[in-house]
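> Predicted structure and sequence below. I'll ask about it afterward.
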Amino acid sequence: MTNPDVTLSLSKGVFELERGDGPLVISAPHVGTFVPDELAARLTPPGRALVDTDWFADRLYPFAGQLGATVLRALRSRYVVDLNRDPSGATLYPGARTTGLCATETFEGEPLYAAGDEPSYDEIAIRRALCFDPYHDALAGELARIKRVHGYALLLDAHSIWSPLPLLFDGELPDVNVGTNSGRSCERNLADAVAHVVAASPYAYVVDGRFKGGYITRRYGNPAHAVHAIQLEINQKTYLADGSRTAWDEAKAGRLSVVLRAVCNALLATAPKHSTSASP
């Protein structure tokens with residue numbers, strides 16, 4: 001049975017929202033690091049270390065306000081609930097190893113809970129209601145607001161991941177991984193614009209490789225209704241300090257942010273010309 005103290009603490013501080021007046025939303029669902037004490041006590045050492053966090057992924061977009069972008073960032077760790085997983089339990093990558101709405105192991109296969117102490121069905125439902133649903137309500141609301149104002153909306157789902165992770169993919173991940181759900185979450189022109197920017201940069205990239213976009217990209221990306229979603233999965237080695245999996249490197253991050261700003265500018269410049277619908 002779920003501890004009521006866990007339920008109470010989970011209900012506070014789910015996300016931060018910085019509202020802009022432009023057509024771009026930057027969502028950062030995996031940057032949260034807060035875990036309620038009651039839950040942290042149940043996690044194994046790798047779980048308490050939050051090893052799968054998208055460390056500082058939101059900080060790679062310090063220019064967001066200058067572009068009029070809306071920024072939505074999670075405050076809770078993905079180990080509380082994963083905001084980028086299908087709550088129905090459907091796998092996003094059939095045949096590939098992945099984690100669920102409430103992960104029970106790390107990306108390296110280490111258990112997050114002692115055997116028998118994994119979250120129950122009821123506990124998962126509570127975590128969803130108190131953390132997952134509010135984030136998605138806020139995201140859906142911002143996209144609807146922006147579409148009413150501009151006639152279209154752009155969603156950039158901002159992620160990062162450590163590499164290599166042999167259980168998830170072979171070898172070293174490219175620096176910048178662009179996901180469009182195999183072309184279904186945005187118009188081709190937008191993906192091409194992003195690819196063109198990154199191709200001219202020092203960073204290796206791929207479009208719709210191992211990471212084609214998670215639940216957020218797939219749920220909200222709907223070009224026929226003028227909502228265009230792209231996931232950017234960044235290899236953390238491009239901005240974390242050499243030899244570290246958690247330490248921010250100002251110089252490396254600054255170089256990467258220049259490219260990401262160019263990516264956002266390309267999206268903003270391209271979308272109005274190719275948006276399919278200007279109706280709310």
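Arrived safely. Numbering: from 1, shown residues only.
> and stretch 129-148, average pLDDT?
With pLDDT averaged residue by residue, stretch 129-148 scores 97.
> Could you list the low-confidence segments of the stretch 101-250 of the chain?
Along the stretch 101-250 of the chain, the model assigns pLDDT under 70 to no residue.
> okay but Val35 is in contact with Tyr79, surely?
Yes. At 6.3 Å, Val35 counts as touching Tyr79 under the criterion of CB atoms under 8 Å. Glycine gets a C-beta too; all of them are placed from N, C-alpha and C.
> Of the two, which one has the most company?
Set Val35 next to Tyr79 and count neighbours by other CB atoms under 10 Å: Tyr79 wins out with 26 against 21.
> any idea how far that one is from Pro111?
12 Å (CB to CB, to the nearest Å).
> can you pull the pLDDT of Val80?
Looking at Val80, the pLDDT reads 98.
> what's the neighbour count on it?
By other CB under 10 Å, the residues close to Val80 number 26.
> wait, doesn't it sit right on Thr33?
No. When contacts are counted by CB under 8 Å, Val80 is not listed as touching Thr33 (10.3 Å).
> before we move on, the earlier item: overlap in contacts, Val35 and Tyr79.
With contacts defined as CB atoms under 8 Å, 6 or more residues apart in numbering, the residues shared by Val35 and Tyr79 are 43, 50.
> Can you classify Val206 as helix, strand or coil?
strand (DSSP: H, G, I helix; E, B strand; the rest coil).
> Excluding sequence neighbours, find me the nearest residue to it.
In space, and not counting its chain neighbours, Val206 is closest to Pro174: 4.7 Å by CB to CB, 6 or more residues apart in numbering.
> Quick one: residues contacting the one you found.
Contacts of Pro174 by CB under 8 Å, 6+ apart are 203-206, 209, 235.
> in this protein, which spans are helices?
4-10, 37-40, 45-48, 121-127, 133-150, 188-199, 215-220, 250-274 (DSSP state H).
> The longest one packs against which elements?
Spelled out, it's helix 250-274. Applying 3 or more CB pairs under 8 Å, 6 or more residues apart in numbering; DSSP states H and E, one finds that helix 250-274 makes contact with strand 24-28, strand 153-161, helix 188-199, strand 227-235.
> Determine which of these approaches Arg42 most closely.
strand 153-161 (24.6 Å; CB to CB).
> so Gly179 touches Arg218, yeah?
No. Gly179 lies out of contact with Arg218 (CB under 8 Å); the separation is 9.2 Å.
> gap between Pro23 and Leu130?
Pro23 is 30 Å from Leu130, by CB to CB.
> which of those two has more neighbours?
Neighbour totals were compared for Pro23 and Leu130, and Pro23 leads with 26 against 20 (other CB under 10 Å).
> Burial-wise, tell me which of the helices of the chain comes out on top.
helix 215-220 (a mean of 22; mean count of other CB atoms under 10 Å).
> What are the contacting residues of that helix?
Taking CB under 8 Å, 6+ apart as the rule, helix 215-220 contacts 27, 29, 83-86, 92, 136, 139-140, 143, 155, 157, 179-181, 184-185, 227, 229-231.
> One more: stretch 76-95?
Here stretch 76-95 has contacts from 10, 13-14, 29-30, 32-36, 39, 43, 47, 50, 52-54, 74, 98-103, 112, 124, 127-128, 131-132, 135-136, 157, 159, 212, 214-216, 218, using CB under 8 Å, 6+ apart.
> Just the C-alphas of that stretch, formatted as CSV.
Extracted in CSV, the C-alpha atoms of stretch 76-95 (Å, rounded to 0.1, in the frame of the first residue of the first chain):
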residue,chain,number,x,y,z
ARG,A,76,10.8,15.7,-10.3
SER,A,77,13.2,13.0,-11.3
ARG,A,78,12.2,10.6,-14.1
TYR,A,79,12.6,7.9,-11.4
VAL,A,80,9.4,9.3,-9.8
VAL,A,81,7.6,9.1,-13.1
ASP,A,82,8.8,9.3,-16.7
LEU,A,83,7.0,12.1,-18.5
ASN,A,84,8.2,10.8,-21.9
ARG,A,85,6.7,7.3,-21.7
ASP,A,86,3.3,6.1,-22.9
PRO,A,87,1.1,5.8,-19.8
SER,A,88,-0.7,2.9,-21.4
GLY,A,89,2.5,0.8,-21.2
ALA,A,90,2.9,0.6,-25.0
THR,A,91,6.5,0.4,-26.0
LEU,A,92,7.9,3.2,-28.1
TYR,A,93,10.6,1.1,-29.7
PRO,A,94,9.3,-2.5,-30.3
GLY,A,95,12.1,-5.0,-30.0
